[in-house]
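Asker: Need the 3D shape of this:
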Amino acid sequence: SQPSEIFDFRLRREVIITQIHNGCNFHLTSSKKRSILSYANICLFRGTLMTTMEKLTILTDAAKYDVACTSSGIDRRGKTGQLGSAVKMGICHSFASDGRCISLLKVLMTNACIYDCQYCVNRRSNDTARAAFTPRELADLTIGFYRRNYIEGLFLSSAVIKSPDYTCELLIETLRILRTEYGFRGYIHVKAIPGADENLLTRLGMLTDRMSVNIELPSERSLKLLAPDKTKHSILKPMGLIANRIQEAHHDLVRYRNTPKFAPAGQSTQMIIGATPDSDWDILRLTEGLYKKYGLRRVFYSAYMPVSENTLLPPKGTKPPLLREHRLYQADWLLRYYGFAADELLDERHPSFHPLVDPKCGWAVNHMEQFPVEINTAPYEMLLRVPGIGVRCAQRIRAVRRCHSLDFDGLKKIGVVLKRAQYFITCSGKIREGLRFTPESILRALISEEKQKFVVSDIPEQLSFFSTPPVPNSSDTTNFPELAQKEA
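Answerer: Now for the predicted structure:
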C-alpha cells in the first residue's frame with residue numbers, strides 16, 4: 001500500500017518516515033529511503049491524504065477487538081459552560097432508565113504499529129490499510145459526535161507508533177484538548193501503553209476516568225511465542241503504577257478535598273481466550289491474582305477470532321470459543337461476588353469448565369457432601385453457593401428469616417430459581433414435596449434446554465414406549481468425579 005494510505009499530513013515529517021520504515025518487511029536501501037522521503041514531502045505539502053471519515057472507518061474497525069462493554073463506574077455532574085456528564089451505569093451500548101441508548105466512540109489513535117504480535121490484526125507484518133488521527137482531529141470528532149447525541153463518552157486505544165512514549169504523548173494531547181479546551185466532562189476510557197514513561201502515564205491518568213493495560217495472553221511462555229516484542233514486566237509494571245497512583249489519590253482525597261483524581265473509575269485488563277493452549281484453570285488463577293494484587297475493577301475475556309495464518313495459532317475458519325468465554329465470565333463473577341476461589345472451581349485434574357453447566361452448578365454437583373443446605377439457618381456465605389440463589393436473593397432470605405421461617409413457596413416469591421435450587425436445599429428440614437432425584441437426574445435438570453441435545457446420542461432411532469430414556473455419555477461427567485463414581 002502507498003504511504004498516503006498510512007499517515008496524516010499533519011504528523012511530523014520524521015515520524016512519517018519512521019513509521020513507513022517500521023511498516024516495511026524488507027530492508028530499506030538508501031535509494032528507497034530517498035524516494036519515500038520525497039513522496040512524504042509531496043504528501044505533506046499537497047495534503048493528498050485520506051479524509052477524516054476514511055480514517056474513522058479504518059480505525060473504528062481496527063478497535064472492534066478491544067472489549068469495553070462495561071459501566072463507567074463514575075458519577076460526574078455537568079457544569080455551566082462545559083460539555084457532558086458521566087453516570088456510573090449505562091455506558092457502551094446500554095440503555096438508560098429513560099430508554100436512551102448510551103454508547104462510546106470506540107476508536108484507535110492509529111493502527112500503524114511497530115510491534116509484530118502474531119495474534120493482532122494491526123501487527124507490523126499484516127498487509128492492511130493504515131491510518132492515524134492527529135490529537136486535534138480526534139478531539140474535534142469526539143465533540144462533534146457528542147453534540148449530535150451520537151455518544152456520551154470515548155474509548156481510546158492505539159497501536160504503538162514510533163515508540164511507547166510518543167504514542168502516550170499523542171493520547172495525552174488528545175485528552176488535554178477535550179478536557180481543557182472543550183471542557184468535556186463525559187466518560188473517557190484510555191488504554192495505557194506498556195513501556196511508556198511513568199510521568200507520562202501519570203499525566204494520562206489525571207485526564208481519564210478509567211485506564212486499562214491489556215495483558216493479552218495468560219502466560220509468559222505464550223507471550224514470548226506470539227508477541228516477542230512484549231514482556232511480562234513491561235505489562236505488569238504500568239498496572240502496578242496505576243494501582244499505586246489510585247491508592248495515593250484516595251489517601252490524599254481524605255486529607256484534601258480538591259485533590260486531583262487519578263483514574264477514579266479504576267483500571268481493567270483484557271485476555272485473549274483460545275489463541276494459546278492455556279487452560280481455564282491457568283486463566284482463572286491469573287485473574288484471581290490480578291484482582292488481589294492490582295485491585296482491578298474488571299478482567300475482560302475476548303474469544304480469539306483467527307485473523308492470520310500461523311502455525312502457532314488456530315487456523316482461519318475456526319469458530320471463536322464463545323461458550324468458553326461465557327463460562328469464564330460466569331466464573332469471574334463467582335470470584336468477585338460469591339466468595340469462590342479459583343482452586344475451588346477448577347484444579348489440575350479438571351482444568352476446564354464443563355461445557356453444559358455453569359461453573360456454580362458444576363461446583364455444587366462436585367461437592368454434594370455439603371448439601372442439602374437448611375435455608376432457615378444456613379450462613380449467608382453458604383447461601384451464595386447454592387445454585388439458583390444470587391446475591392440479592394441471599395440478602396432477602398437473610399432479612400426475611402429474621403421474622404419468620406421460609407418455605408418453598410416463599411422462596412419462589414422472593415426470586416429463588418427453584419428449578420436449580422430445589423436439589424440442594426431444605427426448608428425446616430424437609431425437601432420439596434414430590435421431589436425425587438438421582439445424581440444423573442440432577443445433572444440433566446441443571447443443563448439448559450438448548451444444551452440438552454448435546455447430552456443425548458446423535459444416532460437417530462425409532463422411538464418406543466418401552467425404551468429407556470437417554471442418559472448422558474461418560475464424557476459428560478469427566479468434570480464431575482463424584483457423579484461418575486455414583487453412576488459406577
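
Asker: is it true that Ser234 touches Gly195?
Answerer: Yes - contact criterion CB atoms under 8 Å: Ser234 and Gly195 qualify, at 5.0 Å. The C-beta positions use only the backbone N, C-alpha and C, and glycine is treated the same way.

Asker: Between those two, which has more neighbouring residues?
Answerer: It is Gly195, of Ser234 and Gly195, that has more neighbours when counted by other CB atoms under 10 Å, with 20 against 16.

Asker: which residues in the stretch 201-350 of the chain form strands?
Answerer: 210-212, 267-273, 298-303 (DSSP state E, counting those that start in this stretch).

Asker: ok, Phe262 touching Gln247?
Answerer: No - Phe262 lies out of contact with Gln247 (CB under 8 Å); the separation is 9.3 Å.

Asker: for the helix ranked longest in the chain, packing partners?
Answerer: In the chain, assigned by DSSP state H, the helix with the most residues is helix 232-255. Contacts defined by 3 or more CB pairs under 8 Å, 6 or more residues apart in numbering; DSSP states H and E place helix 232-255 against helix 198-207, strand 267-273, helix 280-294.

Asker: nearest to Tyr304, of the ones you listed?
Answerer: strand 267-273 (5.1 Å; CB to CB).

Asker: Was I right to think Glu173 contacts Pro135?
Answerer: Yes - using CB under 8 Å, Glu173 makes contact with Pro135 at a distance of 3.9 Å.

Asker: which of these two has more neighbours?
Answerer: Pro135 (19 against 16).

Asker: okay, that one: pLDDT?
Answerer: For Pro135, the model assigns a pLDDT of 95.

Asker: With Phe340 instead?
Answerer: Taking Phe340 on its own, its pLDDT is 96.

Asker: hang on, the earlier thing: report the buried residues of the longest helix of the chain.
Answerer: Going by neighbour count (16 or more other CB atoms under 10 Å), the buried part of helix 232-255 is Ser234, Ile235, Leu236, Lys237, Pro238, Met239, Leu241, Ile242, Ala243, Arg245, Ile246, Ala249.

Asker: cool, stretch 434-442 as well?
Answerer: By neighbour count with 16+ other CB under 10 Å, stretch 434-442 contains the buried residues Pro439, Ile442.

Asker: Distance of Leu356 relative to Tyr187?
Answerer: Distance, Leu356 to Tyr187, using CB to CB, to the nearest Å: 38 Å.

Asker: more neighbours, those two?
Answerer: Per other CB under 10 Å, whichever of Leu356 and Tyr187 has more neighbours is Tyr187, with 29 against 20.

Asker: beta partners of the closest residue in space to that one that isn't next to it in sequence?
Answerer: Closest residue in space to Tyr187, ignoring its immediate chain neighbours: Gly153 at 3.4 Å, by CB to CB, 6 or more residues apart in numbering. Beta-bridge pairing for Gly153 (DSSP bridges): Leu104, Tyr187.

Asker: okay, how far is it across stretch 414-428, tip to tip?
Answerer: One end of stretch 414-428 sits 17 Å from the other (CA to CA, to the nearest Å).

Asker: and it, which residues are buried?
Answerer: Val416, Leu418, Arg420, Ala421, Gln422, Tyr423, Phe424, Ile425, Thr426, Cys427.

Asker: check contacts around the second one.
Answerer: Put plainly, it is Leu418. Gly388, Phe408, Leu411, Lys412, Arg432 (CB atoms under 8 Å, 6 or more residues apart in numbering).

Asker: Against Gly388, how distant is it?
Answerer: 7 Å.

Asker: again, but for the fourth one
Answerer: As for Ala421, its distance to Gly388 is 3 Å (criterion: CB to CB).

Asker: out of the strands of the stretch 201-350 of the chain, nearest to Leu286?
Answerer: strand 267-273 (7.6 Å).

Asker: Counting by contacts, list what that closest one packs against.
Answerer: Counting by 3+ CB pairs under 8 Å, 6+ apart, strand 267-273 packs on strand 210-212, helix 232-255, helix 280-294, strand 298-303, helix 322-337.

Asker: Any idea how far it is from the middle of the chain?
Answerer: From the chain centre to the centre of strand 267-273 is a distance of 5 Å (CA atoms, centre = their mean, to the nearest Å).

Asker: I'd like to check what contacts it. Which residues are they?
Answerer: In contact with strand 267-273 (CB under 8 Å, 6+ apart) are residues 66-67, 70, 119, 210-218, 239, 242-243, 246, 283, 286-287, 290, 294-304, 321, 324-325, 328.

Asker: how about a cut-off of 6 Å?
Answerer: Outside of strand 267-273, the residues within contact range by CB atoms under 6 Å, 6 or more residues apart in numbering are 67, 211-216, 218, 242, 296-304, 321, 324-325.

Asker: Need the CA coordinates for it. CSV is fine.
Answerer: As requested, the backbone C-alpha atoms of strand 267-273 are provided in CSV (Å, rounded to 0.1, in the frame of the first residue of the first chain):
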residue,chain,number,x,y,z
GLN,A,267,-8.3,0.0,35.9
SER,A,268,-9.2,-3.1,33.9
THR,A,269,-7.4,-5.5,31.6
GLN,A,270,-8.2,-7.9,28.8
MET,A,271,-7.2,-11.5,27.9
ILE,A,272,-7.5,-13.4,24.7
ILE,A,273,-9.1,-16.8,25.0
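
Asker: What are the buried residues along that strand?
Answerer: Gln267, Ser268, Thr269, Gln270, Met271, Ile272, Ile273.

Asker: ok, so what distance separates the second one from Ala249?
Answerer: Using CB to CB, one obtains 17 Å as the distance from Ser268 to Ala249.

Asker: Of the contacts of Leu418 - the most surrounded one?
Answerer: Neighbour-wise, those (other CB under 10 Å) top out at Leu411, 24 neighbours.

Asker: And the helices in the stretch 351-488 of the chain, which stretches?
Answerer: 359-366, 380-383, 391-400, 408-413, 418-421, 439-446, 481-487 (DSSP state H, counting those that start in this stretch).

Asker: Check those for me and report the most buried one.
Answerer: Most buried of the helices of the stretch 351-488 of the chain, by mean neighbour count (mean count of other CB atoms under 10 Å): helix 359-366, with a mean of 23.

Asker: before we move on, back to that, closest one to Arg392 among the helices and strands packed on helix 232-255?
Answerer: Once those are compared by CB to CB, helix 280-294 is nearest, at 21.9 Å.

Asker: relative to helix 359-366, how tilted is that closest one?
Answerer: 120 degrees (axes from the mean of the first three to the mean of the last three CA atoms, to 10 degrees).

Asker: which other helices and strands contact helix 280-294?
Answerer: When contacts are defined as 3 or more CB pairs under 6 Å, 6 or more residues apart in numbering; DSSP states H and E, helix 280-294 packs onto helix 342-345.

Asker: one more time with 7 Å
Answerer: Here helix 280-294 touches helix 232-255, helix 322-337, helix 342-345, going by 3 or more CB pairs under 7 Å, 6 or more residues apart in numbering; DSSP states H and E.

Asker: which residues touch Leu138?
Answerer: By CB atoms under 7 Å, 6 or more residues apart in numbering, the contact set of Leu138 is Met109, Thr174.

Asker: how close does it sit to Leu154?
Answerer: Leu138 is 9 Å from Leu154, by CB to CB.
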